[in-house]
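>>> Give me a 3D structure for the following:
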Amino acid sequence: MTTATRRHPSRIARLAKSTLAASALAIVTFATVAPAYAQDVRAAQKSAAGYTFDVAIPPKFLAVVTDPTKAGYNTITGPTVIGGKTYNVSSTRIAWVDDQWNNNIDNGRFAFARGNQVEGAWFQSFDKTDPGFADFVTRMKAIAERSDKWYYVTLTYLTPQGATVTSDYLPQPSPLPTELHAGENAGGLKLRQRIVQLSNVTAPGAWFPGVRVPQDIAQVRQAMLDYGNQQRLNPRFRAANDAKVATNLDLSQPTRPASVVSKEGKAEPVYAQPDMKLDDRYNNAAQWFAEALAAGKGHIHQYPAGTWTDPKGIQVTMTEAWDRAKYFGITGDLDAYEIAAPGWAAGDMPWGWMKSDTHYRWYFGVDGTYPLIGYGAAQSADGKWHYVGLADRDVPKP
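This is a model prediction of the structure:
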């Protein structure tokens, strides 16, 4: 909590006027998601309306990964609703390696994996004469994650209830970024890739119907935290992004400017910002509002409906950032600092905030320090991502 506490409704209002605009959502031409039918299992292929299941998975490959004796390698995540239809969901992670014994997917060879740990040296086989073998292998190689000599792919199977293969669609997964953003180093690119990769596996939101959230939201938040803590140290980060203010903030240097001039023309002091830390209370408050934005219920930094009925049936006020912070257990005189980015592509935050002329402050120690933060991320039905950050501003004593 703060050592010098004050509340800033005006700060929230000022930020509301400068919430980051939406950017185009990237598209890809294939997906790793497949609906599991007894005889007809297909991978998702992009169409004008989304992804339709028109790339067959070889039947002998399917027989191996769904073999009941291999059940320990299948992760069941429970039912989900897509397009008004209910599916049972499970997934399998596979791996292969380029070695002298040709234990690679080109030869119909793979191993089961958990994370990036291969389960022993027991390679499975499926028949190269299977229908669709060549197309399937091409797609697996295109989307595989590489670690040293190993390649990894997670396949998700949807078992539909009363649906047909060609009539169901899935949201478009985002391709992994391959180019450095301005001011970013290789470590930053790797973290953005991780955020995107994690965001391609979603689950229903906790607070609002019809929205999706990363299934492993904790790891998404950790990657966002690491990105901010690491990339703010890059020399000339803001100057490289053509920022108009605070371009002389180079945290790689032992000294820092006493102040910077804000977009509004105000001189704001610069403090030594320690590495930020995640706090579940801030995470939950940020997540709630991210889901509200994704559901079309939020507007910039406000919840226009004012009150919300919580899971216990209690009417609570959620209009402003400090209302939401209070609901999720942040007590005391909170100096709430909220940043929002509705309608962006997966992985665009926190880079987009850090390079902006309005939302960069907490990463660089401008106008205070921000030791505790929280992140929220939610996907709307159109596939766009809505990000929210929440922090408590602290003004260190002289």
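>>> what about Tyr73, neighbour count?
Counted with other CB atoms under 10 Å, the neighbours of Tyr73 add up to 18. For every residue, glycine as well, the C-beta is placed using N, CA and C.
>>> Can you give me the distance of the closest residue to Asn104 other than its chain neighbours to Leu191?
With CB to CB, 6 or more residues apart in numbering as the measure, Trp96 is the residue that lies nearest to Asn104, at 4.7 Å, once sequence neighbours are left out. Using CB to CB, to the nearest Å, we find Trp96 at a distance of 26 Å from Leu191.
>>> try Ala240
Noted for Ala240: a distance of 17 Å to Leu191, by CB to CB.
>>> Between those two, tell me which one has more neighbours.
Under the neighbour definition other CB under 10 Å, Ala240 and Leu191 were set side by side, and Leu191 has more, 23 against 15.
>>> Grab the nearest non-local neighbour of that one.
With CB to CB, 6+ apart as the measure, Tyr227 is the residue that lies nearest to Leu191, at 4.5 Å, once sequence neighbours are left out.
>>> low-confidence ranges in the stretch 51-200 of the chain?
Using pLDDT under 70 as the threshold, the predicted model of the stretch 51-200 of the chain has low-confidence ranges 51-56, 68, 71-72, 74-90, 120-121, 156-173.
>>> Can you show me the strands along it?
Listed from the start of the chain, the stretch 51-200 of the chain has strands (DSSP state E, counting those that start in this stretch) covering 74-82, 85-97, 109-114, 117-118, 124-125, 145-147, 150-160.
>>> So Lys326 belongs to a helix, correct?
Yes - counting by DSSP: H, G, I helix; E, B strand; the rest coil, Lys326 is located in a helix.
>>> Do you know the pLDDT at it?
Confidence at Lys326, expressed as pLDDT, is 92.
>>> residues in contact with it?
Remark: with contacts taken as CB atoms under 8 Å, 6 or more residues apart in numbering, Lys326 is in contact with Leu334.
>>> how near is it to Arg281?
According to CB to CB, Lys326 stands 10 Å off from Arg281.
>>> And Thr317, by the same measure?
Relative to Arg281, and taking CB to CB, Thr317 is found at 17 Å.
>>> the more surrounded of these two?
Between Thr317 and Arg281, Arg281 has the larger neighbour count (other CB under 10 Å), namely 19 against 13.
>>> Go ahead and confirm that one touches Gly332.
No - under the criterion of CB atoms under 8 Å, Arg281 lies out of contact with Gly332, with a separation of 11.5 Å.
>>> Show me how the record splits the protein into domains.
For the chain, the structural domains run 9-25+180-392, 33-167, going by automatic domain parsing.
>>> does Val213 sit in a helix, a strand or a coil?
strand.
>>> give the contact list for it.
Contacts of Val213 were listed using CB under 8 Å, 6+ apart, and they are Thr202, Ala203, Pro204, Gly205, Ala206, Gln287, Glu291, Ala377, Ala378, Gln379.
>>> Tell me which residues touch the last one, please.
Residues in contact with Gln379, defined by CB under 8 Å, 6+ apart, are Pro171, Ser199, Thr202, Val211, Arg212, Val213, Ala294, Ala346, Trp385, His386.
>>> what about the nearest residue to Ala267 once chain neighbours are set aside, how many neighbours?
By the measure of CB to CB, 6+ apart, the closest residue to Ala267 outside its immediate chain neighbours is Ser259, 4.7 Å from it. When neighbours are defined as other CB under 10 Å, Ser259 has 14 of them.
>>> partner residues bridging Ser259?
Listed by DSSP bridges, the beta-bridge partners for Ser259 are Pro269.
>>> roughly how far apart are it and Asn234?
From Ser259 across to Asn234, the span is 21 Å (CB to CB).
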